[in-house]
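>>> no FASTA, just this:
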């Protein structure tokens, strides 16, 4: 059931991600920046809130008057800031909501990701508490409505001796001190929210807390345009002698408020409780089957820290050396954080398929899918390539090419592939070209797999792909599991292109493989200079 | 040129999304009560009498108590339920036994009830029993109220003066 909902959502997101990627480029795609945009809008709300506080006056009459004053008399700065404050807080709700749905659709909430998922729940509660306390401060008709419904909801809980809602049903029961309390709440709750947001990203390596500058500037400009087009306004002063009969609701913060009239307060609490419980239990419904965590082989680890640097889950740290080898540090894996994506294997300088050792070893390896096994699968898959334009596909198990049968080697993440594996394939004449097929660029399952792979292939990140490897023999395809047709067409087009190229003359640093064509034709072996 | 067009396109898409968010920040409007209606609230907090009378402790009972806990009388804490009725134009719209609050049942009873009704004139009668009596009422108030549209009319009870307030 949950899997079916996830698939439908993923299909929906894929539908809109592709056009967004085309318009914005994968780097600026807002759908891939939802968390960062959430932080961005939080800061806009914080800065605009501090500015508005300069003009705000606490008091039953003065609160409304001061908000009106800033909205109309100083509309150019304070009025626009008010609109920024409201719309950015609404946008933060949108970002949080879509972020939650998207992470769910990508199955980014189970396994080691349970921590970020669970800590997202208090963020939702605190975000709503921040917004709702803010609406009280304006003390217009909407504020009166929010005050009455919120206090009726709280009164349903058996906590308060006297109904709080009684304070908002007739004049003379409310004092100005109430506004001082609300200002305190409206400052304290967002501060606590920020603290929980920090906890939320604690287990994430290189969390995106700031959107790319262009996207930030575009968002700011659009926010300014919308604030001028439709400034945030009050809805007339609160009058406790009258029912706030008709109010313009903020449907992002207050969608449940009308339900208190339809369902009743108890049912709304039950809904909120069920929602929170469901979010809390989801990482274990069912739990993610986890492969065994990566393991360090100290004999092959020189403590270079590349694996720790590249791990997207902060699962590896460098510790003092425990053996006699002359290096100050060694890598240590925290199995409770490791998802066995293999990115560390691809990062390790010892991970080279050219190694002559009988039992191919590397500094860090996956017990259930070792580098040795990867090399064997590559050689076996290459042996199935017979047609001209032999293209070997190295595919991510979450991407579009994962379901291919012929000439394809699937791995947990394409960044598990050390760049030297491509060198190995081409120099040993196992294939004429290599396709690296990962997930969609905006939705990398292991967050940093695509980024690291691109940087390694471009020679910008250790371990580099050797300069001698011809780049025209390598293609990268980033496509989600739902874009199979597009990926297969791209692979077929690349194979056709490769078929048109002259034979590759790449000198291998090692004796030629008995599996390769070169080994079978003495002439070719001589040409390559292999011994 | 191409970059400028792309930027313009990005701005239009983001602007349209933000405009949609801004629109939903106060539209569509929500009507809490039907047009031309008013609301009557019956709400107060009041503790009924305690269930039992205070009893004078015997010297032996006092001696059995810890020195710092000794007292002359033993007064049961538990309160009675309040019984409340509300009639509008002679029709019973509300009647309830309101249990005392608190884990020990020693807190005041409370009521918070809303009645939405078309604007107009109504005869309102509210009655309450807060003692051990089985029949009749300890407090009562009747009156004719003219409700204006959207008016909030509150029926409260002031324990200090022991009377219902219409406001």
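Nice, I can see it. Not measured: the values here are computed from a predicted model.

>>> helix/strand/coil for residue B:94?
Three-state assignment for residue B:94 (DSSP: H, G, I helix; E, B strand; the rest coil): strand.

>>> again, but for residue A:167
Judged by three-state DSSP, the three-state class of residue A:167 is helix.

>>> for it, grab the count of nearby residues.
Using other CB atoms under 10 Å in any protein chain shown as the criterion, residue A:167 is surrounded by 16 other residues. Where you see a C-beta, it was placed from the backbone N, CA and C, and this is true even at glycine.

>>> ok, now which ones touch it?
If you count contacts by CB atoms under 8 Å, 6 or more residues apart in numbering or on different chains, residue A:167 has them with A:151, A:173-174, A:178.

>>> so among the residues you listed, where is pLDDT lowest?
Summarising pLDDT for the contacts of residue A:167: the lowest-scoring member is residue A:173, with 76.

>>> contact partners for that one?
Shown here is residue A:173, whose contacts under the criterion CB under 8 Å, 6+ apart are A:166-167, A:240.

>>> one more time with 6 Å, if that's ok
residue A:167 (CB atoms under 6 Å, 6 or more residues apart in numbering or on different chains).

>>> residue B:147 reaches residue B:118, doesn't it?
No: assessed by CB atoms under 6 Å, residue B:147 is found out of contact with residue B:118, at 7.9 Å.

>>> neighbour-wise, which of the two wins?
Here residue B:147 and residue B:118 are compared on neighbour count by other CB under 10 Å; more neighbours surround residue B:147, at 20 against 13.

>>> count the neighbours of residue 13 for me.
You didn't pick a chain, so chain A it is. A total of 22 residues lie near residue A:13 under the criterion other CB under 10 Å.

>>> wait, chain B
For residue B:13, using other CB under 10 Å, the count is 17.

>>> before we move on, what about the one 10 residues further on?
Here the number of neighbours of residue B:23 (other CB under 10 Å) works out to 13.

>>> how about it, secondary structure?
helix.

>>> could you list the low-pLDDT ranges of the stretch 251-400 of chain A?
Where the stretch 251-400 of chain A drops to pLDDT under 70, the residues are A:357-358.

>>> would you list every one of the helices in chain B?
B:2-24, B:59-64 (DSSP state H).

>>> pLDDT value on the residue nearest to residue B:51 when sequence neighbours are not counted, please?
When the adjacent residues along the chain are set aside, residue B:51 lies closest to residue B:78, with 4.8 Å between them (CB to CB, 6 or more residues apart in numbering or on different chains). At residue B:78, the predicted lDDT confidence score is 91.

>>> quick check: residue B:78 touching residue B:105?
Yes: Residue B:78 sits in contact with residue B:105 when judged by CB under 6 Å, with a separation of 4.5 Å.

>>> returning to that earlier point: export the helices of chain B to a markdown table and tack on distance to residue B:38?
Conversion of the helices of chain B to a markdown table gives the following (distance: least, CB to CB, whole Å):
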| stretch | distance to residue B:38 |
| --- | --- |
| helix B:2-24 | 30 |
| helix B:59-64 | 57 |
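
>>> okay, and the beta partners of the residue in chain A positioned nearest to chain B?
Using CB to the nearest CB, the single residue of chain A nearest to chain B is residue A:248, 3.4 Å away. On the basis of DSSP bridges, residue A:248 is bridged to residue B:29.

>>> so it makes contact with residue B:31?
No: when contacts are counted by CB under 6 Å, residue A:248 is not listed as touching residue B:31 (10.9 Å).

>>> list the contacts of the residue most central in space within chain B.
Nearest to the mean C-alpha position of chain B, by CA atoms, centre = their mean, lies residue B:112 at 2.0 Å. Residue B:112 is in contact with A:163, B:43, counting by CB under 6 Å, 6+ apart.

>>> okay, and the beta partners of it?
Beta-bridge pairing of residue B:112, defined through DSSP bridges, involves residue B:43.

>>> check it and give its pLDDT.
The predicted local distance difference test score for residue B:112 is 93.

>>> next one: the one 10 residues further on
At residue B:122 the predicted local confidence, pLDDT, stands at 96.

>>> the strands in the chain, which residues?
Reading this off chain A. A:246-248, A:295-296, A:316-320, A:329-333, A:364-365, A:391-396, A:408-411, A:433-438, A:474-478 (DSSP state E).

>>> sorry, should have said chain B
Along chain B, the segments classed as strands by DSSP E run B:29-31, B:37-46, B:55-56, B:73-74, B:82-88, B:91-98, B:109-118, B:120-129, B:139-147, B:152-158, B:163-166.

>>> hmm, back to that, can I get the strands of chain A in a markdown table with mean neighbour count?
Formatted as a markdown table, those follow (neighbours: other CB atoms under 10 Å in any protein chain shown):
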| stretch | mean neighbour count |
| --- | --- |
| strand A:246-248 | 19 |
| strand A:295-296 | 16 |
| strand A:316-320 | 16 |
| strand A:329-333 | 19 |
| strand A:364-365 | 26 |
| strand A:391-396 | 26 |
| strand A:408-411 | 22 |
| strand A:433-438 | 26 |
| strand A:474-478 | 21 |
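
>>> quick check: which of the ones you listed is nearest to residue B:134?
Taking CB to CB, strand A:246-248 is the member of these nearest to residue B:134, at 46.1 Å.

>>> now that closest one: mean pLDDT?
Mean per-residue pLDDT for strand A:246-248: 96.

>>> which elements pack onto it?
Where contact means 3 or more CB pairs under 6 Å, 6 or more residues apart in numbering or on different chains; DSSP states H and E, strand A:246-248 is packed against helix A:141-156, strand B:29-31.

>>> hey, which of these is tucked in deepest?
When neighbours are counted by mean count of other CB atoms under 10 Å in any protein chain shown, the highest per-stretch mean among those falls to helix A:141-156, a mean of 22.
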